[in-house]
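Enquirer: Sequence first, predicted coordinates after that:
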Amino acid sequence: MENLIKDYSTFLDKQYNWLKPFGKLRIKKWEDFLKSNPEGAICEAMTCEFLEKNRINVVPYENLSTGGPDFLCTRGNNQFYVEVTCVTKDKVTSQTKLNDKPQGPCYYHLLTDVFLNEISNKTSQCSSLNNSCLVAIGTLHHQGGAKCFGKRAVEDLLTGTTRLTMKYDAEKGQGVGSIYESTNLRDSAFIRFMKGATGGIEFARNPISSVLLCTFGFDPAKVVGAFHPNPNHKFDRTLLPNIDFCRIVQGSLETGCLKVEWI
């Protein structure tokens, strides 16, 4: 823990000074958070700095008694909220089988299930808000961030893990037709099949307007985003123009041929 805090001392000092105007209770809560979950506190500090570098005015928003999103963000006349969560180095290593340090070509698992769990756990904190709310999922894991927090991860988060599929003729005992991609939406963040319905789709986790996958093991941080197709409050992507966002192509849900696009 001491080495970790030393490595990120510059960011932690900035966060401490940033919190000073907001009172001793907020500083105490953040210091306790740093002791109990240093990686989470570092990701929170680095998310704050990332937003400010993107010309966003950030202030603490979480109610010290009842909770809520971490930050209230303002740009011009527009506001949105950000809730931060962290996938620790140990968890990334155990789930992906990747070392934290650079390594050669290897087999590894993606983190789609982990991201979905983090999003599900944060949905209640994004409820009952008057503006859009983003969930920022960060990690300090170098290899996991490089391989599992990029554009492929965002696309899988929207569509669910895809697989190559072919129709099978049981009488002939062989596949027929062309190979195509399919998904059962099991680990899709924002859409799912309706229970008891055949092919019907419904939206899920509507309080979350967008998800940011944040790789903080690099300088500068690498961040990509995914839009909810039908949120309670739509996020204006012009507020973060330097981030690539992915979304489900309009109309593709109705056709049954799910497509995504980057904007």
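Expert: Everything's here; your move.
Enquirer: Residue 74 reaches residue 57, doesn't it?
Expert: Yes: under the criterion of Cβ atoms under 8 Å, residue 74 makes contact with residue 57 at 4.5 Å. Just so you know, the C-beta spots here come from the backbone N, C-alpha and C atoms, and that holds for glycine as well.
Enquirer: Let me see the ranges of the helices in the stretch 151-263 of the chain.
Expert: Secondary structure of the stretch 151-263 of the chain by DSSP state H, counting those that start in this stretch: the helices cover 151-159, 252-255.
Enquirer: So for the shortest one, mean pLDDT?
Expert: Here the mean pLDDT over helix 252-255 is 80, rounded to a whole number.
Enquirer: Ok, the first one next?
Expert: This predicted structure assigns helix 151-159 an average pLDDT of 93.
Enquirer: returning to what we had before: can you list the helices of the stretch 151-263 of the chain in TSV and add distance to residue 34 and mean neighbour count?
Expert: As requested, these are exported to TSV (distance: least, Cβ to Cβ, whole Å; neighbours: other Cβ atoms under 10 Å):
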stretch	distance to residue 34	mean neighbour count
helix 151-159	27	21
helix 252-255	42	12
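Enquirer: now the strands: where do they sit in the chain?
Expert: 57-60, 71-75, 78-86, 133-139, 163-169, 174-182, 191-193, 201-203, 210-215, 222-227, 244-248, 260-262 (DSSP state E).
Enquirer: Lowest average pLDDT across those?
Expert: Ranked by mean pLDDT, the strands of the chain bottom out at strand 163-169, with a mean of 50.
Enquirer: residues contacting residue 230?
Expert: Shown in contact with residue 230 (Cβ atoms under 8 Å, 6 or more residues apart in numbering): 190, 203, 206.
Enquirer: Let's see that with 7 Å instead.
Expert: 203, 206 (Cβ atoms under 7 Å, 6 or more residues apart in numbering).
Enquirer: who wins for proximity to residue 26 among the helices of the stretch 151-263 of the chain?
Expert: Set against residue 26 and scored by Cβ to Cβ, these come closest in helix 151-159, at 31.4 Å.
Enquirer: Just name whatever secondary elements the closest one is in contact with.
Expert: helix 112-122, strand 210-215, strand 222-227, strand 244-248, strand 260-262 (3 or more Cβ pairs under 7 Å, 6 or more residues apart in numbering; DSSP states H and E).
Enquirer: So for the last one, what gets flagged as buried?
Expert: Spelled out, that is strand 260-262. Buried residues in strand 260-262, counted by 16 or more other Cβ atoms under 10 Å: residue 260.
Enquirer: List the contacts of it.
Expert: Contacts of strand 260-262 (Cβ under 7 Å, 6+ apart): 155, 158-159, 244, 246-249.
Enquirer: Mind doing that once more with 6 Å?
Expert: Applying Cβ atoms under 6 Å, 6 or more residues apart in numbering, the contact partners of strand 260-262 are 155, 158, 244, 246, 248-249.
Enquirer: Could you dump those residues into CSV and include distance to residue 140?
Expert: Formatted as CSV, the contacts of strand 260-262 follow (distance: Cβ to Cβ, whole Å):
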residue, distance to residue 140
155, 23
158, 25
244, 21
246, 23
248, 30
249, 33
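Enquirer: which of those lies closest to residue 109?
Expert: Ranked by distance to residue 109 (Cβ to Cβ), these are led by residue 155 at 16.4 Å.
Enquirer: residue contacts, that closest one?
Expert: With contact taken as Cβ under 6 Å, 6+ apart, residue 155 is in contact with 246, 260.
Enquirer: How much space separates residue 94 from residue 87?
Expert: 11 Å (Cβ to Cβ, to the nearest Å).
Enquirer: now do residue 114
Expert: In terms of Cβ to Cβ, residue 114 sits 6 Å off from residue 87.
Enquirer: Which one's more surrounded, those two?
Expert: residue 87 (28 against 21; other Cβ atoms under 10 Å).
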